[in-house]
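S.K.: fold the following.
(chains A and B)
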Amino acid sequence: MVKIMRFFLIVVLILSHSASANAADADPRKIIDEMEQLYRGASSDIKMTMVVETPQYERKMQLTGQSLGKEYGFFRILSPRKDRGIATLKRDSEMWNYFPKINKVIKVPPSMMMGSWMGSDFTNDDLVKETQLIDSYEIVMVENDLEYLFTLTPTQQAVTVWGKIEYLVSKAPLLPLSQTFFDEDGEKIRVISFSEPKMFDGRMMPSVLEVRPINKDGYSTRIIYDDIIFDAQNITAQTFSMRNLKARF
Amino acid sequence: MLTLKLAYRNIFRQKRRSLLTAISMSFGYMLFVITLSMVEGSWSNIVDIFTLDHTGHIQIHNGDYAKRPKIHKTIRDRSSVESILVDHSEVASWAPRVYSPALAYGTKKTTPAQIFGIEPKLEPTVTRILQKVSAGSFFSASPNSDGYFSAMVGAGLARTLNIVVGDEIVLIANGADGSIANDIFIITGIVGNVTSFDRKGIYLPLTVAQEFLSLGSDVHEYSILALDKHKNEALAVQLQAQIPSVKVSPWQEIQATFYKTMQADKDGNMFVVGLIVFIVFIGVLNTVLMSVLERTREFGVLKSIGSRPGDLVRLVFLETVMLAALSVFVGFLLILPLIYWFTDVGLTMGVAVEIGGVEFDTMKGELSAFVMLMPMAFILITAGLISIPPGLRAARIMPRVALGSH
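M.R.: Below is the predicted model:
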């Protein structure tokens, strides 16, 4: 579940980033808002590889993902064979997992939202939460010649587990570099770093995303984008139906 | 030697009194033996119930798995562990196991459950699982014609999910590689009853459970039966020395709370019996003291013809201990057949007591060197101790005063 959230987050970030390449004026709210606005309404069709590393095991999964706006998301595992066909559907703030072997759709209960998605360092919540950075966070920007550093602190009304997010963005090209998440006590919890920018469907964006929990030694999750198609015609609201979740593919 | 002869003769001088004293000591001994046999017997019965229900006499884990189970704390090098278990002459049988919590789905309901992955051929050599199958039959590791593997479920789980033999059960668990294990199994048997420790358990064949949980061929636990269950702790120490890479624990460590409760109960019983025997011996003390006072003149004569005080103390001591030894010997002969019967046949209780799905309808004692000899030693030592004050009294007798008395 968490992974799905992360995927969404990543997709959002990537989309917003590539869209705001020429919006490099000094208004932080405008930059982030533009990122979000640009992401909204856009759809994407993604092929990716997820590598989960823990002190006990390393696990590599191949997935496909589709997104539509920030409301809809759909992921399906292609390999390993044992897990092939396991799918996750996200609609607004609700999530379902589908297990083809037992032909069951299981809704992710609210209590499981902070649990790990498919054994990765992403939580289910990461996939579901809408990245309302502009509505939920106060933004302070610091810049030097090469980078912007946005410090996001949640507003009184914001529903979030984070006390602070530091968002580092490079100026040229305008690409996200890292996001550092802090809890309410100011303790660093995890870092998401973006690297290896590549051209996808005409847009330059980081192709590797790595999540590293600070307090868990030896744990990390890497997402490598193999292919992204933006504004794919075949992605409609129908893609995000229960029927499609349970469909053979 | 003279003292010994005197002591021997003195016992038979007052035959009636000696007989009465001997009877009370004999009964004290027999009471002690019966109580001890019952306490040891019933506890050893209870220990058998749970060691043979699941725990075994010894368990092997990786590190602190027994205290903090984590799915990845597995025993990887199985062949080196198993080759030692196969070769060890004190190991009667052993069985590998894997465990995992899971979510079980019946047709309508969902409930948490505990997966036990057991080896279908080896597990029955360690536990009474075959006798615990209350419906259906014990499973095998091969799939049915539709490709589904078998599972046996605890009676509590079967009742909660409202499923019977032949139904499907869906399990979801966390795999060792972070994947979500999910599969359908066919129920071939119901295990135990709703009071069993495994009422919420799901038994899967070992290889099936390993595949389901992505464990490869790793296992979480070996359960071992020792040839001599009383020597399991020593065997555990030996095995630990032979396989230093894993943690070998006797059941006394695995079930530490139970073990402490049992020891406390045994100690309590021992104290009560000890107290009763002590009261018996206050009577004995009285008798010995009486016989000493009665023989004041005699002791006076002995002293005046040259007996040293120490000789008199020794005389009284020998008299008492010899009488005690005689009583204990007679008591031993009388009680041995009873304890033997009690251990072999046992008292049949009107109502069968069911513990963990295994029924017990006889109460049995225990016949062992400890049960027979410990009370013997206790009686002889107490008799010896009790003879000292009268002995000292005899030793202090002044011949002049003694010969003047009547």
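S.K.: what's the following helix or strand after the helix or strand of chain B with the lowest mean pLDDT?
M.R.: Least confident helix or strand of chain B, by mean pLDDT, DSSP states H and E, is strand B:358-363 with a mean of 69. Once strand B:358-363 ends, the next helix or strand along the chain (criterion: DSSP states H and E) is helix B:369-395.
S.K.: what helices and strands are in contact with that following helix?
M.R.: On a contact count with 3 or more Cβ pairs under 8 Å, 6 or more residues apart in numbering or on different chains; DSSP states H and E, helix B:369-395 meets helix B:15-50, helix B:256-294, helix B:309-344. For glycine as for every other residue, the C-beta is placed from the backbone atoms N, C-alpha and C.
S.K.: turn the ones you listed into JSON lines, columns for distance to A:Asp83 and mean neighbour count.
M.R.: Below are the helices and strands packed on helix B:369-395 laid out as JSON lines (distance: least, Cβ to Cβ, whole Å; neighbours: other Cβ atoms under 10 Å in any protein chain shown):
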{"stretch": "helix B:15-50", "distance to A:Asp83": "39", "mean neighbour count": "19"}
{"stretch": "helix B:256-294", "distance to A:Asp83": "40", "mean neighbour count": "15"}
{"stretch": "helix B:309-344", "distance to A:Asp83": "57", "mean neighbour count": "19"}
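S.K.: nearest to chain A, of those?
M.R.: Between chain A and these, the tightest spacing by Cβ to the nearest Cβ is seen for helix B:256-294, at 27.9 Å.
S.K.: now the angle from the closest one to helix B:369-395?
M.R.: Compare the direction of helix B:256-294 with that of helix B:369-395 by axes from the mean of the first three to the mean of the last three Cα atoms, to 10 degrees and you get 30 degrees.
S.K.: helix B:256-294 packs against which elements?
M.R.: Using 3+ Cβ pairs under 8 Å, 6+ apart, the elements in contact with helix B:256-294 are helix B:15-50, helix B:251-254, helix B:309-344, helix B:369-395.
S.K.: Throw the helices and strands packed on helix B:369-395 into a markdown table and include mean pLDDT, thanks.
M.R.: Converted to a markdown table, those look like this (pLDDT from 0 to 100):
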| stretch | mean pLDDT |
| --- | --- |
| helix B:15-50 | 89 |
| helix B:256-294 | 90 |
| helix B:309-344 | 92 |
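S.K.: which residue does the stretch 51-200 of chain B have closest to chain A?
M.R.: For the stretch 51-200 of chain B, Cβ to the nearest Cβ, closest residue to chain A: B:Gly178, 2.1 Å.
S.K.: and the strand ranked longest in chain A, which residues are buried?
M.R.: Longest strand in chain A by number of residues (criterion: DSSP state E): strand A:188-200. Across strand A:188-200, burial judged by 16 or more other Cβ atoms under 10 Å in any protein chain shown covers A:189-194, A:197, A:200.
S.K.: wait, which of these is closest to chain B?
M.R.: Looking across the buried residues of strand A:188-200 and measuring by Cβ to the nearest Cβ, the closest to chain B is A:Arg190, at 17.0 Å.
S.K.: so what's the closest one bridging to?
M.R.: A:Phe181, A:Pro213 (DSSP bridges).
S.K.: pretty sure it sits against A:Val211.
M.R.: Yes. Using Cβ atoms under 8 Å, A:Arg190 is in contact with A:Val211, at 6.2 Å.
S.K.: and for those two, which residues touch both?
M.R.: A:Asp121 (Cβ atoms under 8 Å, 6 or more residues apart in numbering or on different chains).
S.K.: what pLDDT does the model give A:Ser20?
M.R.: Looking at A:Ser20, its pLDDT stands at 45.
S.K.: contacts only, for whichever residue of chain A sits closest to chain B.
M.R.: Across chain A, the shortest distance to chain B (Cβ to the nearest Cβ) belongs to A:Gly119, at 2.1 Å. If you count contacts by Cβ under 8 Å, 6+ apart, A:Gly119 has them with A:52, A:59, B:174-175, B:177-180.
S.K.: one more time with 7 Å
M.R.: Contacts of A:Gly119 were listed using Cβ atoms under 7 Å, 6 or more residues apart in numbering or on different chains, and they are A:52, A:59, B:178-179.
S.K.: go on, B:Ile243?
M.R.: Contacts for B:Ile243 (Cβ under 7 Å, 6+ apart) come out as B:80-81, B:84.
S.K.: do that again at 10 Å, thanks
M.R.: B:Ile243 makes contact with B:60, B:75, B:77, B:80-81, B:83-85, B:222 under the criterion Cβ atoms under 10 Å, 6 or more residues apart in numbering or on different chains.
S.K.: same check, this time on A:Gly85
M.R.: Contacts for A:Gly85 were tallied using Cβ under 10 Å, 6+ apart; they are A:76-78, A:98-101, A:247-249.
S.K.: can you narrow these to ones near chain B?
M.R.: A:77, A:99-101 (Cβ under 10 Å from any Cβ of the partner chain).
S.K.: could you count how many residues lie near residue 212?
M.R.: Chain wasn't specified; assuming chain A. 16 (other Cβ atoms under 10 Å in any protein chain shown).
S.K.: I was after chain B.
M.R.: Other residues close to B:Phe212 by other Cβ under 10 Å number 23.
S.K.: so what's it closest to, chain neighbours aside?
M.R.: Leaving aside its chain neighbours, B:Phe212 sits nearest to B:Ala181 (5.1 Å; criterion: Cβ to Cβ, 6 or more residues apart in numbering or on different chains).
S.K.: now do the one you found against B:Leu213, distance only.
M.R.: Using Cβ to Cβ, to the nearest Å, we find B:Ala181 at a distance of 6 Å from B:Leu213.
S.K.: how about A:Ile192?
M.R.: A:Ile192 sits 30 Å away from B:Leu213, going by Cβ to Cβ.
S.K.: related to what we said a few turns ago, how about the residue of chain A closest to chain B: what's its closest non-neighbour residue?
M.R.: A:Gly119 sits nearest to B:Gly178 (Cβ to Cβ, 6+ apart), 2.1 Å away.
S.K.: before we move on, what about A:Arg29?
M.R.: A:Ile139 (5.7 Å).
S.K.: now B:Arg159
M.R.: Nearest to B:Arg159 is B:Val194, by Cβ to Cβ, 6+ apart, at 6.5 Å.
S.K.: over to A:Arg76?
M.R.: For A:Arg76, the spatially nearest residue (Cβ to Cβ, 6+ apart) is A:Ala87, at 4.3 Å.
S.K.: who's the one you found bridged to?
M.R.: A:Arg76, A:Tyr98.
S.K.: quick revisit: need the ones next to chain B among the contacts of A:Gly85 in a markdown table with distance to B:Ile46 and neighbour count, can you?
M.R.: Compiled in a markdown table, these are given as follows (distance: Cβ to Cβ, whole Å; neighbours: other Cβ atoms under 10 Å in any protein chain shown):
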| residue | distance to B:Ile46 | neighbour count |
| --- | --- | --- |
| A:Ile77 | 49 | 22 |
| A:Phe99 | 43 | 19 |
| A:Pro100 | 48 | 18 |
| A:Lys101 | 43 | 15 |
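S.K.: nothing else from me, thank you.
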